[in-house]
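Peer 1: below is the structure, and that's it, no one-letter string:
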């Protein structure tokens, strides 16, 4: 049976349009779900790091924080991680602190092995669903929040952004001046 090429093209275009409309709808829903976080103080949390220490977001008050939720199985996460490594090297001395929150079911040993293979030079924290929920739910990865030196969320990003966009957001949070006193 011979198929009409026009029919095949029409079906392919229809499927592509459905995917584009669906993706835009999902991004719109995600942006509206995270909208309450923009401009608000980032929820504090207590998570364990790969080295076994306890980490609170409030420990980094006075620093510009890029909080990145990721997973070992997430291909877009693997794309942006080398950029984060570069940005941490480039802007760490200016007050940037990237925090990676692993949100998958891998063991701490597997996550540590993955982090080492990726050359991660910033703290990797073991995520909890309750922390993800406090940040509007982590339904899609990667999910990044750009938190200024005062602990306020300046921007939220679902999915992979370009390196230049990420660096621009990092520069914005670095430009914020800390007006809060370090906690005693």
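Peer 2: Perfect, I can see it now. Quantities reported herein were computed from a predicted structural model and do not represent experimental measurements.

Peer 1: grab the most central residue of this protein for me.
Peer 2: residue 144 (2.3 Å; Cα atoms, centre = their mean).

Peer 1: can you tell me the SS state at it?
Peer 2: Assigned by DSSP: H, G, I helix; E, B strand; the rest coil, the conformation of residue 144 is strand.

Peer 1: any low-confidence regions in the chain?
Peer 2: The chain contains residues with pLDDT under 70 at 1-3, 10-13, 16-36, 178-184.

Peer 1: now do the strands in it.
Peer 2: Secondary structure of the chain (DSSP state E): strands at 46-49, 54-56, 64-70, 96-102, 124-126, 143-147, 153-158.

Peer 1: do you know which of the ones you listed lies nearest residue 137?
Peer 2: strand 143-147 (9.1 Å; Cβ to Cβ). The way it works is simple: take the backbone N, C-alpha and C, and place the C-beta from them, glycine included.

Peer 1: partner strands of that closest one and their direction?
Peer 2: Sheet pairing of strand 143-147 (DSSP bridges) gives strand 64-70 (antiparallel), strand 153-158 (antiparallel).

Peer 1: tell me how far residue 139 lies from residue 69.
Peer 2: 10 Å (Cβ to Cβ, to the nearest Å).

Peer 1: the more surrounded of those two?
Peer 2: residue 69 (24 against 12; other Cβ atoms under 10 Å).
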